[in-house]
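In: here is my input, please return the structure:
(2 chains)
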2 protein chains.
Amino acid sequence: MRAIVNIYLKDGVLDPQGKAVHHALDSLGFSGVQSVRVGKQIVIELKAADRESAMRELEEMSEALLANTVIEDYNIEIEE
Amino acid sequence: MRAIVNIYLKDGVLDPQGKAVHHALDSLGFSGVQSVRVGKQIVIELKAADRESAMRELEEMSEALLANTVIEDYNIEIEE
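Out: Model (predicted):
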């Protein structure tokens, strides 16, 4: 089973990496850009009995290790 | 217009960050994990006349700055 965990900073949390990318895009002449936020995308191949148990395990992984839930949110997509 | 650029290492390119996450998940007892790849997800708000011109601009951004196309691939999703 293939799953994608997207991890992104919560609204209101400063994103210096996003600011740097925004600034660099401006310098390159991309003037239409209004904001840039940089997050992580983690692609996990895992064995699980079914979709529900995979989702439960992925939530545990996200809470325990993948995301820093003080400043980050995450969402999980499961592909077959 | 809101766009998401996903950037991930090409198949065959070593991913030490993914390996480290995989190892950490193993240590935490998540034994069903078979592989982990870590990529970036960049969320961009931009002004563009239409979807086509936005897509063109995002491709230029990806090639010029966002992705290192020697080792990384990218895909672009545009939301309204």
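
In: residues from chain A in reach of chain B?
Out: Proximity of chain A to chain B is confined to A:6-8, A:18, A:21, A:24-25, A:28, A:30, A:32-48, A:57, A:60-61, A:64-66 under the rule CB under 8 Å from any CB of the partner chain. (Each C-beta comes from the backbone N, C-alpha and C, glycine too.)

In: keep only those of those residues that are in strands.
Out: A:6-8, A:33-46 (DSSP state E).

In: which of those residues are buried?
Out: Among those, those buried by neighbour count (16 or more other CB atoms under 10 Å in any protein chain shown) are A:6-8, A:33, A:36-44, A:46.

In: so who does A:Leu65 touch?
Out: For A:Leu65, the contacting residues are B:Val21, B:Ala24, B:Leu25, B:Leu28, by CB atoms under 8 Å, 6 or more residues apart in numbering or on different chains.

In: what is the nearest of these to B:Glu77?
Out: Comparing the contacts of A:Leu65 against B:Glu77 with CB to CB places B:Val21 closest, at 23.8 Å.

In: for the closest residue to the closest one other than its chain neighbours, list each beta-bridge partner.
Out: Nearest residue to B:Val21, sequence neighbours excluded (CB to CB, 6 or more residues apart in numbering or on different chains): B:Val36, at 4.8 Å. B:Val36 has these beta-bridge partners by DSSP bridges: A:Ile44.
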